[in-house]
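K.L.:
Could you look at this predicted model? Sequence included:
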Amino acid sequence: MSAQTHRFPPQIPYIIGNEACERFSFYGMRNILTVFLIDYLLREANPDPALRKALATSHMHLFMTGVYLFPLIGGYLADRYLGKFRVILWLSLLYCVGHLCLALFEGSPTGFYTGLLLIAVGSGGIKPCVAAMVGDQFTEKNRHLVNKVFSLFYWSINLGSLFASLFIPLALRSYGPAVAFGIPGVLMLTATLLFWAGRRHYVLVPPTGENPHSFLKVVRSAFSMRAKRTQGAHWLDAAAGHHPSESIEGAKAVLRVSGLLLPTIPFFWMLFDQKASTWVIQATAMDPKVGSFTFQPSQMQFINPLLVMLLIPLLTGVVYPALKRAGLELTPLRRMPLGMFIGASSYVVAGYYQHVIDGGTTLNIAWQALPYVLLTISEVLVSTTGLEFAYTQAPREMKSVIQSVWLLTTALANFVVSRIALLNIFEGSAKFFFYAGLACVAGLGLWRMARRFVVHDYFQTAPAAAEGREASGLTAAPAR
């Protein structure tokens, strides 16, 4: 094997740099969004602080709903018609315009929400394309580097999130919204220019066109042929004769995995994504001084990406192997329910804090570190495990459908949180305990279903082995 195969392809730094800057831009604007809505945009029209907090939470999670719905469209256009490069470049330009709207229209609801819509389309649309394009750059000769590049890719995501969480809230406090939203816009423009600069180096996989044996086409055929169903056979078997058996079996696998994930995993995302809304609002009522440093409420979110970078290698490299040697193997179907319960415990702790605050005692903001630690452990157990598990349970031609299902769990969660916030029926600690209770019920349901779930791993054949590793390497990236 030549020395050439031990180096990353020359285009990889452009994609990794693009991802780090894009993630800084996204988390930079998202992490201050709730505080901005409460303290600036909604303040004049809504003098009631409780109403402003409810509206801010609702609007933030409605935005996040769009962020996780548009990947379904972006991925489809890239795979079928336009190719990844065009989708990434064009939507990145739209993304930049969205950031510009946030900076220019800080006092105009119409202009500001237009910017949020453009960012949701841009960020969501490129989400499934960038990670997949990384894998496209590798061949049989250097496929052994795929795991390393996805580790670097995931670290770039968390580094962008970490620095955005630390510095953009300070910019909002010191320089105001125009600058605080303008800096992420500059980073997004930098991300776009970096991606464009590598255009002569990229391996561009052409779009495949329509797939005559896609999941939806198999389901449609089965419904249209329902009169010919055989007694005792699976209802999808009615599509036999119109689609190959591999596509029918793949559709069955998608339904099995969807039946496990869709009723349960959204309740995890209801917990996780409220760290940018409900937890930030709680932090505004806490003493911000820790030693000589004064934290902004939005800054506490830096704990999550920092811990993720520490916990993933610790758990995967030390804890899981040690438990396996001790005869207590944490399989994916055991990790996910455990993660749900740990996530619920983070809300129990945060709910207790809120009860103390509502009773008139001011807590120091440093107390939020404990629920952040619990929530991040929950993320590693649920998020970084869940998509990898889903990928192994579907054949190669259905893996993109499984990613769509995974993204849909996040979109559903944020939509429900948005609607509940708009109803404004929970006050104080009741909100935290409500979501903790939902997560516990979902965790129990996931545990019961997991006990009955028949694991069927679909391993890649030798020529597609690199793609198989790419899939597992993607486990955490789309979730963030």
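P.N.:
Nice, thanks for sending it over. Since this is a predicted model, take the numbers as computed values, not measurements.
K.L.:
Could you list the low-pLDDT ranges of the chain?
P.N.:
Within the chain, the ranges that satisfy pLDDT under 70 run 1-5, 147, 227, 457-480.
K.L.:
Spell out the residue ranges of the strands in it.
P.N.:
289-290, 293-294 (DSSP state E).
K.L.:
residues near the nearest residue to Lys148 once chain neighbours are set aside, how many?
P.N.:
Closest residue to Lys148 apart from its sequence neighbours, by C-beta to C-beta, 6 or more residues apart in numbering: Phe8 at 8.0 Å. Backbone N, C-alpha and C define where each C-beta goes, glycine included. Phe8 has 15 neighbouring residues, counting by other C-beta atoms under 10 Å.
K.L.:
how close does Phe8 sit to Ile16?
P.N.:
9 Å (C-beta to C-beta, to the nearest Å).
K.L.:
what touches both of those two?
P.N.:
Listed contacts common to Phe8 and Ile16 are Val149; contacts here mean C-beta atoms under 8 Å, 6 or more residues apart in numbering.
K.L.:
contacts for stretch 288-306?
P.N.:
The contact list for stretch 288-306, computed with C-beta under 8 Å, 6+ apart, reads 27, 31-32, 34-35, 157-159, 161-162, 165-166, 168-170, 172-173, 275-276, 279-281, 283-284, 286, 364-366, 368-369, 372-373, 375-376, 379.
K.L.:
what about 7 Å?
P.N.:
Outside stretch 288-306, the residues within contact range by C-beta atoms under 7 Å, 6 or more residues apart in numbering are 31-32, 35, 158, 161-162, 165-166, 169-170, 173, 275-276, 280, 283-284, 364-366, 368-369, 372, 376.
K.L.:
I'd like to know which of these are buried.
P.N.:
31-32, 35, 158, 161-162, 165-166, 169-170, 275-276, 280, 283-284, 365, 368, 372, 376 (16 or more other C-beta atoms under 10 Å).
K.L.:
Turn the strands of the chain into TSV, including mean neighbour count and distance to Thr230.
P.N.:
Shown next, in TSV, are those (neighbours: other C-beta atoms under 10 Å; distance: least, C-beta to C-beta, whole Å):
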stretch	mean neighbour count	distance to Thr230
strand 289-290	12	67
strand 293-294	10	69
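K.L.:
do you know which of those strands lies nearest Gly125?
P.N.:
strand 293-294 (37.8 Å; C-beta to C-beta).
K.L.:
Show only the entries of the buried ones among the contacts of stretch 288-306 found in helices.
P.N.:
Applying DSSP state H to those, the entries found in helices are 31, 35, 158, 161-162, 165-166, 169-170, 280, 283-284, 372, 376.
K.L.:
Switch the strands of the chain over to a markdown table; also include distance to Pro212.
P.N.:
A markdown table is the format used below for those (distance: least, C-beta to C-beta, whole Å):
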| stretch | distance to Pro212 |
| --- | --- |
| strand 289-290 | 60 |
| strand 293-294 | 60 |
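K.L.:
out of those, nearest to Ala394?
P.N.:
The nearest among the strands of the chain, by C-beta to C-beta, is strand 289-290 at 45.9 Å.
K.L.:
roughly how far is that closest one from the heart of the chain?
P.N.:
The chain centre lies 31 Å from the centre of strand 289-290; the measure is C-alpha atoms, centre = their mean, to the nearest Å.
K.L.:
Parallel or antiparallel, list what pairs with it.
P.N.:
Paired with strand 289-290 in the same sheet, following DSSP bridges, are strand 293-294 (antiparallel).
K.L.:
coming back round to it: would you list the phi and psi of the residue nearest to Lys148?
P.N.:
phi -70, psi 150 (degrees, to the nearest 10).
K.L.:
Show me which pair in the ones in helices among the buried ones among the contacts of stretch 288-306 is furthest apart.
P.N.:
Asn158 and Thr284 (25.1 Å).
K.L.:
In the record's domain split, what are the boundaries for the chain?
P.N.:
The chain is divided into the following domains under automatic domain parsing: 8-203, 213-220+243-480.
K.L.:
Figure out the length between the terminal residues of the shortest one.
P.N.:
Right, domain 8-203. The first residue of domain 8-203 is 13 Å away from its last residue (C-alpha to C-alpha, to the nearest Å).
K.L.:
From Leu387, how far out is His144?
P.N.:
Separation of His144 from Leu387 (C-beta to C-beta) stands at 22 Å.
K.L.:
More neighbours: which of the two?
P.N.:
Per other C-beta under 10 Å, whichever of His144 and Leu387 has more neighbours is Leu387, with 26 against 15.
K.L.:
Would you confirm that the more buried one contacts Ser404?
P.N.:
No. If you go by C-beta atoms under 7 Å, Leu387 and Ser404 don't touch, sitting 11.3 Å apart.
K.L.:
excluding its backbone neighbours, what's nearest Pro128?
P.N.:
Take Pro128 and drop its neighbours on the chain: the residue closest to it by C-beta to C-beta, 6+ apart is Gly75, 3.8 Å away.
K.L.:
Tell me which residues touch that neighbour, please.
P.N.:
Pro128, Cys129, Ser400.
K.L.:
buried subset of the residues you listed?
P.N.:
Here, 16+ other C-beta under 10 Å leaves Pro128, Cys129, Ser400 buried among these.
K.L.:
Please narrow the residues you listed to those residing in helices.
P.N.:
Pro128, Cys129, Ser400.
K.L.:
Columns distance to Gln231 on top of these, output as JSON lines?
P.N.:
Shown next, in JSON lines, are these (distance: C-beta to C-beta, whole Å):
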{"residue": "Pro128", "distance to Gln231": "40"}
{"residue": "Cys129", "distance to Gln231": "44"}
{"residue": "Ser400", "distance to Gln231": "33"}
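K.L.:
between those, which is closest to His99?
P.N.:
Nearest to His99 among those: Cys129, at 19.0 Å, using C-beta to C-beta.
K.L.:
Next, work out how far apart the closest one and Asn46 are.
P.N.:
Noted for Cys129: a distance of 38 Å to Asn46, by C-beta to C-beta.
K.L.:
I'd like to know how many residues surround Phe434.
P.N.:
The burial count for Phe434: 16, using other C-beta under 10 Å.
K.L.:
residue contacts, it?
P.N.:
Applying C-beta under 7 Å, 6+ apart to Phe434 gives the contacts Phe426.
K.L.:
Grab the nearest non-local neighbour of Val348.
P.N.:
Nearest to Val348 is Ala436, by C-beta to C-beta, 6+ apart, at 5.0 Å.
K.L.:
Report the contact partners of Trp269.
P.N.:
So Trp269 contacts Thr409, Thr410, Ala413, Asn414 (C-beta under 7 Å, 6+ apart).
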